[in-house]
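sequence and predicted model, in that order:
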Amino acid sequence: MRRGLFVGRFQPPHIGHLTAIKNILKECDELNIVVGSAQYSYTFKNPFTAGERIEMIRLMLKEENISLDKVIIVPIPDIGEHSLWVSRVKTFVPKFDIVYSNNPLVQRLFADAGYQVKQIELYRREEVIGTLIRKKMIKDEDWKQYIPRIVVEYIDSIRGVERIKQICKTDYPEENISSATCQSPEDSIES
């Protein structure tokens, strides 16, 4: 049996993530999905809690008839020391054989730890990016086309767009809502 590892923040889970998961499961029997930066929520970069992200991923997979028996979803907080991160991941997830990532740092860390690392074919990457989707939410632009229907319903049910907009407000009346006003300490150190 071959098990893969796929790391993401899933803020929110989108069709690019779904496409990657489907493609990985064509090559692997099982998949560990790591919900990274699990300790962060209620910021522009990380508006949803780890629990919300796990629930959205599960709903998305069930809607696509992807057996949850093939997927293990694990939240992992950041530790702030890159050299220790792979060992931290290994303590949180079941054994895995191959890592799927396009993040250069993730690739380097796992390759240096002796893992096979494979790039993921990106799906419409120029437009299907969490940051752009969150910006579209703030600006009342069409963001729903990039998100599986069931995840849109979930975000609506928790008033996720309202949350992001409120997080991005300022008490300075001369400033408009924008992602520039939504920065927090963890936003500056994450990619």
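Arrived safely, thanks for sending.

any idea which element I73 lies in?
Taking DSSP states H and E as the definition, I73 sits inside strand 71-75.

could you list the residues in contact with that strand?
Strand 71-75 has contacts (CB atoms under 8 Å, 6 or more residues apart in numbering) with 21, 30-35, 38, 50-51, 53-54, 57-58, 61, 92-94. For glycine as for every other residue, the C-beta is placed from the backbone atoms N, C-alpha and C.

and it, which strands flank it?
strand 30-35 (parallel) (DSSP bridges).

ok, residues contacting the strand it pairs with?
Taking CB under 8 Å, 6+ apart as the rule, strand 30-35 contacts 1-10, 21, 24-25, 50, 53-54, 57, 70-76, 89, 92-94, 96.

from the contacts of strand 71-75, keep the buried residues only.
The neighbour-count test (16 or more other CB atoms under 10 Å) marks 21, 30-35, 38, 50, 53-54, 57-58, 61, 93 as buried among the contacts of strand 71-75.

the closest residue to R88 other than its chain neighbours and S37, how far apart?
Taking CB to CB, 6 or more residues apart in numbering, and ignoring the residues beside it in sequence, R88 has I79 as its nearest neighbour in space, at 5.6 Å. Relative to S37, I79 is positioned 11 Å away (CB to CB, to the nearest Å).

again with V152
22 Å.

break the protein into its domains for me.
3-118, 130-182 (automatic domain parsing).

end to end on the first one, go ahead and measure it.
If I follow you right, that is domain 3-118. 13 Å (CA to CA, to the nearest Å).

all strands of the protein, in order?
Ranges of strands in the chain, per DSSP state E, are 3-8, 30-35, 71-75, 98-100, 116-118.

so for V128, which of these sits nearest?
Of all these, strand 3-8 sits nearest to V128, with 12.5 Å by CB to CB.

contacting residues around the closest one?
With CB under 8 Å, 6+ apart, strand 3-8 has contacts from 17, 20-21, 24, 27-36, 89, 93-101, 103, 106, 110, 120.

follow-up on the earlier one: looking at the strands of the chain, which is nearest to E141?
Nearest of the strands of the chain (CB to CB): strand 3-8, 22.7 Å.
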